[in-house]
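Asker: structure, please.
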Amino acid sequence: MIDRFPSARAPLSRRNFLVLAGLGTAAAVAGFSNKAANSAASTVGPDSAAVNAAEQVRRTNMGTGRTVAASLRARPTTIDLGGVLVDTWAYDDQLPGPEIRLSRGDLLRADLVNELPDESTIHWHGIAMRNDMDGVPDLTQPGVAPNNTFTYEFLAPDAGTHWLHSHVGMQFDRGLYAPVIVEDPADGADYDLEAVLVLDDWLDGVSGRTPDQQLEDLRREGMSMGGMGHGAMGGMGMGAAADTHAPLGSDTGDVEYPYYLINGTLPADPFGLQARPGQRVRLRIINAGADTAFRFSVGGHKFTVTHSDGYPVEPVTGSSLLIGMGERFDVVVTLGDGVFPIVAAAEGKQGQGFALIRTGAGQTPEPTIRPAELDTQPIMGLHLRSREDVRLGRREPDRVHDLTLGMNMSGYTWTINGDTFDEHTPLEVLEGQRVRLRFVNRTMMFHPMHLHGHTFQVVDDQGVGARKDTTLVLPGQTVEVDFDATNPGQWMVHCHNLYHGEAGMMTTLSYIE
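Answerer: Numbers count the residues shown, from 1 in each chain. I've put the predicted structure just below:
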């Protein structure tokens, strides 16, 4: 359900964001919040019997018996973005990091070798794995210390386009991310080849700056940073967000990035895909940006959206697609003859990522080209419906949690239910429940809200919205999502604008006994 939420809540005083302490035991999780400590229920720990039992069910009922091994070495490195050298942190000196590919039901065994000066983890974004492998420091595992190795091992139960990234501080706004493709053996009938496209906004190492410095600038200068119009909604309407040319509203980000990338390269040295006229290509598109939504198009072509966040949707054909941070979409394009631009324009900002598809002779488009397709009404995840075979069965929710998304106007502080993460109250659920989350946005910015460890279904007017793990919540609107609580443990819910999350817009979904 998507509707207006006309009233505003007075902002609370600013609280500093704290790094939580303690390991992921039931006692430690219950102690994360003073409010949570008052709960009489006991929490289900990340390494509990319930978590082990759920993983055993997956391995028994879904497992292929195959194990895929991978290793990711995180370390400081110098990356050539395509004529621009930057000092950053990356996996195996690559941007994006090396792709991990497996089949649904395979067991993944992946080593994180940490050669960074700080602790790090890996979060497997979009995969409903066992809780102690989710990569959230001090919630599901201790951070992996420098010069240490941690082995992630879990069964991948669902096919789809996913990705991995660090879940420590501002690290994934450096280069610590990579695609994770879980293949469905039944796929392939509607396309001839595929390509993975990772979109990113980039500032690390440019003029010596880092994402951590950028966050400190925002905190120091507050919500007025860069003249951007943050504010409480009050009684304001939704005219800007309903505009074809501004579907996210007038305030689309807090950071102006110097560069936008597709597969780690600048428009001056673009990624290229070679194909033949008439071939059907499946593009798996991942938005790994920290503060930027992208409007995506392929010049001279329409495409059909087939999947959102890994799950199939009723096919929708269009010319442009709006992708929020953390979202993934799969599209199928039937290719013409020539050389065509792939453009990911930074929504509401200046600049774009650029890549090429070459199927024959023709003049190479200029990197600054703006295809006419970008000016059409973009498809959004909120518009899509899940394919019938992956829909949740109709059932009234057993529990409803409101998550009111807010801000503090006196500083760069973002909140859920009036609290930053250091003072949050966990959202309690029982295993087996149908749970509804109501994201109520009382700010002037959109928020891509991400739930760990589960896939939800957006509640549209027919109750058959897309199956997703990350959904946009537009300014002043409410989005409802349903999921089945079948993956016990302690899970993050947060805004996937990294700057908003680090400034407080995070909470936990807590299974209790």
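
Asker: nearest residue to the middle of the protein?
Answerer: Centroid check for the chain by C-alpha atoms, centre = their mean gives residue 326 as the closest residue, at 1.7 Å.

Asker: without its sequence neighbours, what residue ends up closest to that one?
Answerer: Excluding its sequence neighbours, the residue lying closest to residue 326 (C-beta to C-beta, 6 or more residues apart in numbering) is residue 496, at 3.6 Å. Quick note: C-beta positions are derived from backbone N, CA and C, even for glycine.

Asker: please apply the same query to residue 137.
Answerer: Here the residue nearest residue 137, using C-beta to C-beta, 6+ apart, is residue 143, at 3.9 Å.

Asker: what does residue 297 give?
Answerer: Take residue 297 and drop its neighbours on the chain: the residue closest to it by C-beta to C-beta, 6+ apart is residue 373, 3.8 Å away.

Asker: burial count for residue 444?
Answerer: By other C-beta atoms under 10 Å, the residues close to residue 444 number 22.

Asker: actually residue 195, not the one I typed
Answerer: 18.

Asker: can you name the residues bridging to it?
Answerer: On the basis of DSSP bridges, residue 195 is bridged to residue 283.

Asker: let me know the average pLDDT across stretch 95-111.
Answerer: The average pLDDT within stretch 95-111 is 98.

Asker: equivalent analysis for stretch 188-207, please.
Answerer: 97.

Asker: endpoints of it, how far apart?
Answerer: The first and final residues of stretch 188-207 sit 45 Å from each other (C-alpha to C-alpha, to the nearest Å).

Asker: re earlier: tell me the confidence at the residue nearest to residue 137?
Answerer: pLDDT, residue 143: 98.

Asker: roughly how far apart are it and residue 370?
Answerer: 43 Å (C-beta to C-beta, to the nearest Å).

Asker: the two: which is more packed in?
Answerer: Ranked by neighbour count (other C-beta under 10 Å), residue 143 and residue 370 place residue 143 first, with 21 against 14.

Asker: what sits against that one?
Answerer: Residues near residue 143 by C-beta atoms under 8 Å, 6 or more residues apart in numbering: 119-121, 137, 168.

Asker: for those, which one is nearest residue 308?
Answerer: residue 121 (26.0 Å; C-beta to C-beta).

Asker: which non-adjacent residue is nearest that closest one?
Answerer: Once flanking residues are discounted, residue 121 sits nearest to residue 135: 4.1 Å by C-beta to C-beta, 6+ apart.

Asker: on that earlier part again, pretty sure the residue nearest to residue 297 is touching residue 303, no?
Answerer: No: judged on C-beta atoms under 8 Å, residue 373 makes no contact with residue 303 at a distance of 9.2 Å.

Asker: of these two, which one has the most company?
Answerer: Using other C-beta under 10 Å, the more surrounded residue of residue 373 and residue 303 is residue 303, with 25 against 22.

Asker: residue 281 reaches residue 192, doesn't it?
Answerer: Yes: contact criterion C-beta under 8 Å: residue 281 and residue 192 qualify, at 6.9 Å.

Asker: looking at those two, which one has more neighbours?
Answerer: Neighbours per residue (other C-beta under 10 Å) separate residue 281 from residue 192, with residue 281 holding more: 21 against 15.

Asker: show me what contacts that one?
Answerer: 191-195, 273, 275, 332-333, 335, 357.

Asker: overlap in contacts, residue 373 and residue 303.
Answerer: Listed contacts common to residue 373 and residue 303 are residue 319; contacts here mean C-beta under 8 Å, 6+ apart.

Asker: residue 429 contacts residue 399, correct?
Answerer: Yes: counting by C-beta under 8 Å, residue 429 touches residue 399, with 6.0 Å between them.

Asker: name the residues contacting each of the two.
Answerer: With C-beta under 8 Å, 6+ apart as the test, residue 429 and residue 399 both reach residue 435.
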